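*Asks:* Give me coordinates for this.
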Amino acid sequence: MNGSILRVSEALSLALHATAYLASGNQHPRRVKEIARRIQASEAHLSKVLQALTRAGILKALRGPKGGYSLAKKPEEITLLEIYEVIHGPLKEQKCLYERPLCGGDNCILGDLISQVTQLVRHHLRHTTLEMVKDVITENLGNTQKK
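*Replies:* The predicted structure is shown next:
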């Protein structure tokens, strides 16, 4: 069991890593197989995520022998919040651990911690672009290739 307070779905993790990987290289299209290998992911699951990002206009898909996926916009124009919202929908204000608050959301046993964490996550995702994280992904992928 993962003891992390912040849980990120596999689909969101794939979306963030794949788009950062696409932002890190030259702009020629990358095939699903290559992206999956580089980010150590299932091709089938990654393919579904990439299709969703394409429908949302974050990626563009090119068919054919030289086809694959590439960014539809410049990396500095794509925020992590946009990617989050493609996968999970709008990041809602959360005040309670339960979907329907037992306490009305005003008197939580955790105080306003859940609300503060939600606001912090939203702020980070809204103000972080693929341009800002593309070097991190290439550094990390380079390290995994050496192991």
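*Asks:* can you tell me how far Ser42 sits from Val121?
*Replies:* When distance is defined by C-beta to C-beta, to the nearest Å, Ser42 is 26 Å away from Val121. (Each C-beta comes from the backbone N, C-alpha and C, glycine too.)
*Asks:* what about those two, which has more around it?
*Replies:* The neighbour count for Ser42 versus Val121, taken as other C-beta atoms under 10 Å, is higher for Val121 (16 against 12).
*Asks:* residues in contact with that one?
*Replies:* Neighbouring residues of Val121 by C-beta atoms under 8 Å, 6 or more residues apart in numbering: Leu6, Leu91.
*Asks:* Quick check: phi and psi at Ser70.
*Replies:* The phi/psi pair for Ser70 (degrees, to the nearest 10) reads phi -150, psi 170.
*Asks:* pretty sure it contacts Gly25?
*Replies:* No: contact criterion C-beta atoms under 8 Å: Ser70 and Gly25 do not qualify, at 9.2 Å.
*Asks:* Tell me which of the two has more neighbours.
*Replies:* Per other C-beta under 10 Å, whichever of Ser70 and Gly25 has more neighbours is Ser70, with 17 against 14.
*Asks:* Tell me the pLDDT of the more buried one.
*Replies:* For Ser70, the pLDDT comes out at 95.
*Asks:* measure the closest residue to it other than its chain neighbours to Ile87 for me?
*Replies:* Distances taken as C-beta to C-beta, 6 or more residues apart in numbering put Pro29 closest to Ser70, at 4.7 Å, once the chain neighbours are dropped. According to C-beta to C-beta, Pro29 and Ile87 sit 21 Å apart.
*Asks:* And for stretch 27-41, what's in contact with it?
*Replies:* With contacts defined as C-beta under 8 Å, 6+ apart, stretch 27-41 is touched by 14, 17-18, 21-22, 42-43, 46-47, 50, 61-62, 66-71, 141, 144.
*Asks:* With only the CA atoms kept, save that stretch in PDB.
*Replies:* C-alpha atoms of stretch 27-41 as PDB (Å, rounded to 0.1, in the frame of the first residue of the first chain):
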ATOM      1  CA  GLN A  27       8.700  18.100 -32.800                       C
ATOM      2  CA  HIS A  28       8.500  15.000 -35.100                       C
ATOM      3  CA  PRO A  29       5.700  12.600 -34.200                       C
ATOM      4  CA  ARG A  30       6.500   9.800 -31.800                       C
ATOM      5  CA  ARG A  31       4.800   6.400 -32.000                       C
ATOM      6  CA  VAL A  32       2.900   4.900 -29.000                       C
ATOM      7  CA  LYS A  33       5.400   2.100 -28.800                       C
ATOM      8  CA  GLU A  34       8.400   4.400 -28.400                       C
ATOM      9  CA  ILE A  35       6.600   6.600 -25.800                       C
ATOM     10  CA  ALA A  36       5.500   3.500 -23.900                       C
ATOM     11  CA  ARG A  37       9.000   2.100 -23.800                       C
ATOM     12  CA  ARG A  38      10.500   5.400 -22.700                       C
ATOM     13  CA  ILE A  39       8.000   6.000 -19.900                       C
ATOM     14  CA  GLN A  40       7.700   2.300 -19.000                       C
ATOM     15  CA  ALA A  41       4.000   2.000 -19.600                       C
END
